[in-house]
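Engineer: next comes the sequence, and after it the predicted model I'd like to discuss.
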Amino acid sequence: MRKIEVCFSPELIHLHELKGKIVVVVDIFRATSTMVAAIANGVKEILPFPDLESCRVMQDEGFLIGGERNGHTALGFEMGNSPVAYLKGGYSGRSLAMTTTNGTQAIDKSRGAEEILVGAFPNLQATVSYIQAQDKDVLIHCAGWKGHFNLEDSIYAGALVKALESTHPADEDGALAMKSLFEKEGHNLKGFLSQASHAKRLQNHGIESDIDFCLTLDLYDFVVKVDQRGFLVKV
């Protein structure tokens, strides 16, 4: 049996061993959900950046650029961090450079893992199936909010722990706690997460459709992982 554990913030990732593990980076509202949506709707690949300036200059290389800070599209960027912005297509075959407040930072801090996947509810079962076909321990890396714990990433962690329990039984405290949270509240994700601080921030920005998308289960049957070049690609 393989092990599964949860890191609740990028500020805590140094406490976890990455070598040899599959790390699933999770930023439900909204980066990893947006990455999955973009790939599903024709974006060829995504190059994540922790900072705005490094990402911005990729426009000169022909990349579509997406940047977000504090929930808003960053100045001078073509795209923000909205998954629904990709649903109508229009970006088929494009390479996207992307930076966000939390999610791309978590990806950057996960380097050193055997594999890095991005986790989202719209491809949860595909992620489960992919992991179960491997023979590796799993670390779920929650992006949180500016270093703090958040509910939406953590309940996704619980959903993944629950779904993997036949191959990766939970015995680490964080995994056990989040599995229990999902078992109690997972039947009503939107209702439960309506009280989450980041959901309220997004509601204040008038983007209810983003929240609805981010909490929709199993729209897509593929995973998104970091390849050897550092790009996020469909598998």
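Structural biologist: Structure's in. What do you need?

Engineer: pull out the buried positions in stretch 218-235.
Structural biologist: Residues 220, 223, 224, 225, 226, 231, 232, 233, 234 are the ones in stretch 218-235 that count as buried (16 or more other C-beta atoms under 10 Å). C-beta here means a position set from N, CA and C on the backbone, and glycine is covered the same way.

Engineer: let me see the mean pLDDT of that stretch.
Structural biologist: Stretch 218-235 carries an average pLDDT of 98.

Engineer: next, the distance between the ends of that stretch.
Structural biologist: In stretch 218-235, first residue to last residue: 15 Å (C-alpha to C-alpha, to the nearest Å).

Engineer: measure the residue sitting furthest away from the middle of the chain to residue 54 for me?
Structural biologist: Centroid-distance maximum for the chain: residue 60 at 26.7 Å, with C-alpha atoms, centre = their mean. For residue 60, the distance to residue 54 equals 12 Å [C-beta to C-beta, to the nearest Å].

Engineer: what about the helices in the chain?
Structural biologist: Listed in chain order, the helices of the chain (DSSP state H) span 31-40, 52-56, 103-109, 124-132, 151-163, 173-185, 189-193, 197-204, 208-214.

Engineer: hang on, the earlier thing: just give me the closest of the buried residues of stretch 218-235 to residue 179.
Structural biologist: Residue 179 lies nearest to residue 223 out of those, by C-beta to C-beta, at 21.1 Å.

Engineer: go ahead and confirm the closest one touches residue 123.
Structural biologist: Yes. Using C-beta atoms under 8 Å, residue 223 makes contact with residue 123 at a distance of 6.4 Å.

Engineer: give me the nearest residue to residue 152, chain neighbours excluded.
Structural biologist: residue 28 (4.1 Å; C-beta to C-beta, 6 or more residues apart in numbering).

Engineer: roughly how far does the one you found sit from residue 153?
Structural biologist: 5 Å.

Engineer: now swap in residue 186 and tell me
Structural biologist: Distance from residue 186 to residue 153, by C-beta to C-beta: 14 Å.

Engineer: more neighbours: those two, which one.
Structural biologist: Set residue 186 next to residue 153 and count neighbours by other C-beta atoms under 10 Å: residue 153 wins out with 30 against 16.

Engineer: contacting residues around that one?
Structural biologist: 8, 26, 27, 28, 142, 143, 144 (C-beta atoms under 8 Å, 6 or more residues apart in numbering).

Engineer: same thing but at 7 Å, please
Structural biologist: 26, 27, 28, 142, 143, 144 (C-beta atoms under 7 Å, 6 or more residues apart in numbering).

Engineer: just give me the closest of the residues you listed to residue 194.
Structural biologist: residue 28 (13.5 Å).

Engineer: so where is the protein shaky, pLDDT-wise?
Structural biologist: By pLDDT under 70, the weakly predicted segments of the chain are 198-206.
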